[in-house]
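Novice: Need the 3D shape of this:
(4 chains)
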Protein chains: 2
Amino acid sequence: MSRPGTRGERKERTRRAIMDAALSLSEESSLGALSLRQVAKEVGIVPTAFYRHFDSVEALGLALVDESFVSLRAMLRDVRRGDPAFDAMVDRSINVLVAHVHRQRAHFLFIARERAAGPPAVREAIRHQIELFEHELATDLAGLPGTDPWSTEDLRVLSNLIVTALVATAEAILSAPAAPDAEKAIVETARTQLRMVLVGALNWRSSP
Amino acid sequence: MSRPGTRGERKERTRRAIMDAALSLSEESSLGALSLRQVAKEVGIVPTAFYRHFDSVEALGLALVDESFVSLRAMLRDVRRGDPAFDAMVDRSINVLVAHVHRQRAHFLFIARERAAGPPAVREAIRHQIELFEHELATDLAGLPGTDPWSTEDLRVLSNLIVTALVATAEAILSAPAAPDAEKAIVETARTQLRMVLVGALNWRSSP
DNA sequence: CACCCCGGTGCACGCCTGTGCACCGGGGTC
DNA sequence: GACCCCGGTGCACAGGCGTGCACCGGGGTG
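Specialist: Coordinates of the predicted model:
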């Protein structure tokens, strides 16, 4: 089996196959409810061979978290490129989010699930990555025009709110019915929400 | 065992014990990873006796969703009582949320987990209940002064955003470290966020 | 060419899982 | 007082689970 390639390549290929199998199997039922034997059967290896690649199912989960957030960072870079006006930013952010959710559907599903229901270490890893994301967003926002009256704390709070809304939007898209109108409505809602939040932030210190 | 009481009472007591056991067992690992036998052992009955009360673990889950949202509705009523000024509403909403999260910690943990990782029917039930909650919030908001320029759609979008923020706040409190300062920071963040959102909404139609 | 490293194998173990079935015994009802 | 309803019991079964162990065979290296 797995005919060609050097030894390292073959190992890497099996590792990928394990991660892909775990990703697709965990689309229904969480990682904790996922059995090593199921994964092995899906990959086409014997159960004990799993240990040649990961110490445990939990370690597999952590690797999947890492991988998922690599693509998220690529997403952030996409958003950063372009016109730094608020309205343009909002549209671009949401478009990029939607595109990435579709392209990396399995990863997003995995993160959405394990964020709430994964093993503690996995949950913590996801929480930490989202926190990093928030922090990056805060520094990006600080570089934008019109943000002078915001304190560091305001920026943190604002970024947290925006990220929360974006996460909720991603989750909504993931569980939306196949009908294309449903997704359009979600996207439109998210767009309005981000604009509302920005209007609120811009009027923030000048309000009672 | 379970000495006193009429037959109906004894049955009800066992049913409660099953639900409590499931609640406490599912604090780590999701409902899907929960075994009927574990629950039965925790309750102190033989596994097959479980079927006298629920058709399946999933049915148990649906019952738990119902029960959890009963207390959520009580929470809503608490918020409705009192001064209908925005700032007062914000403070009251968050205080009530925090109090209920502590009093019904197990229920909130259950909902937070199963919302993302439960069996499809359970997820759907939770989604539906949250949608009802959003709808009630929208009609409440419509009755407040200063909301004239908001369309029905704006109200829906706004309610959705507020509920999203509140859900995120509840989840943050649930996974906050024991240190009391951590929770205080979360609560303060949520308060600022709700105010920002309301400032945004109030300046909504009058902005570009 | 010979040696070894190492991903993958096959088997075995003890444990836990859901569920079917016949059965019990006491409250509830006629 | 006799009868039945029904929550709880005990046993059994077949299957899935994680994991330990000895083993294989081909690429990689001296």
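
Novice: so what's whichever residue of chain A sits closest to chain B up against?
Specialist: Closest to chain B within chain A is residue A:200: 2.6 Å, counting by C-beta to the nearest C-beta. The C-beta positions use only the backbone N, C-alpha and C, and glycine is treated the same way. By C-beta atoms under 8 Å, 6 or more residues apart in numbering or on different chains, the contact list for residue A:200 reads B:195-201, B:203.

Novice: again, only using 6 Å
Specialist: Contacts of residue A:200 were listed using C-beta atoms under 6 Å, 6 or more residues apart in numbering or on different chains, and they are B:196-197, B:199-200.

Novice: So which of the residues you listed are in helices?
Specialist: B:196-197, B:199-200 (DSSP state H).

Novice: Between which two of these is the distance greatest?
Specialist: B:197 and B:199 (7.3 Å; C-beta to C-beta).

Novice: need the residues of chain A near DNA strand D, please.
Specialist: Where proximity means C-beta under 7 Å from any atom of the strand, the interface of chain A facing DNA strand D comprises A:6-8, A:35-38, A:47-48, A:56-57.

Novice: can you list those in JSON lines and add distance to residue A:129 and neighbour count?
Specialist: Shown next, in JSON lines, are these (distance: C-beta to C-beta, whole Å; neighbours: other C-beta atoms under 10 Å in any protein chain shown):
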{"residue": "A:6", "distance to residue A:129": "32", "neighbour count": "8"}
{"residue": "A:7", "distance to residue A:129": "32", "neighbour count": "7"}
{"residue": "A:8", "distance to residue A:129": "28", "neighbour count": "8"}
{"residue": "A:35", "distance to residue A:129": "26", "neighbour count": "12"}
{"residue": "A:36", "distance to residue A:129": "25", "neighbour count": "17"}
{"residue": "A:37", "distance to residue A:129": "29", "neighbour count": "12"}
{"residue": "A:38", "distance to residue A:129": "26", "neighbour count": "16"}
{"residue": "A:47", "distance to residue A:129": "30", "neighbour count": "13"}
{"residue": "A:48", "distance to residue A:129": "31", "neighbour count": "10"}
{"residue": "A:56", "distance to residue A:129": "20", "neighbour count": "12"}
{"residue": "A:57", "distance to residue A:129": "20", "neighbour count": "18"}
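
Novice: which ones among the residues you listed come in contact with DNA strand C?
Specialist: For DNA strand C, the contacts drawn from those by C-beta under 7 Å from any atom of the strand are A:7, A:47-48.

Novice: mind checking how far the residue nearest to residue A:57 when sequence neighbours are not counted is from DNA strand C?
Specialist: Leaving aside its sequence neighbours, residue A:57 sits nearest to residue A:36 (C-beta to C-beta, 6 or more residues apart in numbering or on different chains; 5.9 Å). Counting by C-beta to the nearest atom of the strand, to the nearest Å, the separation of residue A:36 from DNA strand C is 11 Å.

Novice: Same check on residue A:163?
Specialist: 37 Å.

Novice: Residue A:55 too?
Specialist: Distance, residue A:55 to DNA strand C, using C-beta to the nearest atom of the strand: 12 Å.

Novice: Same check on residue A:10?
Specialist: 6 Å.

Novice: is chain B contacted by the one helix or strand residue A:95 maps to?
Specialist: Here residue A:95 sits within helix A:86-103, counting by DSSP states H and E. No: Helix A:86-103 stays clear of chain B (C-beta under 6 Å from any C-beta of the partner chain), getting no nearer than 8.6 Å.

Novice: who touches the next helix-or-strand element following that helix?
Specialist: Note on helix A:86-103: by DSSP H and E, the next helix or strand toward the C-terminus is helix A:105-117. Among residues not part of helix A:105-117, those counted as contacts by C-beta under 6 Å, 6+ apart are A:23, A:26-27, A:30-31, A:64, A:68, A:101, A:122, A:126, A:170-171, A:174, B:30, B:112-113, B:116-117.

Novice: now with 8 Å?
Specialist: The contact list for helix A:105-117, computed with C-beta under 8 Å, 6+ apart, reads A:23-24, A:26-27, A:30-32, A:61, A:64-65, A:67-69, A:71, A:100-101, A:122-123, A:126-127, A:130, A:167, A:170-171, A:174, B:29-30, B:112-117, B:171.

Novice: Buried among the residues you listed? Make that a PyMOL selection.
Specialist: The following PyMOL line selects those of the contacts of helix A:105-117 that are buried, judged by 16 or more other C-beta atoms under 10 Å in any protein chain shown:
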select buried, (chain A and resi 23+26+30+31+32+61+64+65+68+69+100+101+122+123+126+130+167+170+171+174) or (chain B and resi 29+30+112+113+114+115+116+117+171)
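
Novice: Now, the contacts of helix A:105-117 that are in strands?
Specialist: Residues of these located in strands (DSSP state E): none.

Novice: Among the residues of chain A next to DNA strand D, which one lies nearest to DNA strand C?
Specialist: DNA strand C lies nearest to residue A:48 out of the residues of chain A next to DNA strand D, by C-beta to the nearest atom of the strand, at 3.9 Å.

Novice: any idea how far that closest one is from residue A:36?
Specialist: 9 Å (C-beta to C-beta, to the nearest Å).
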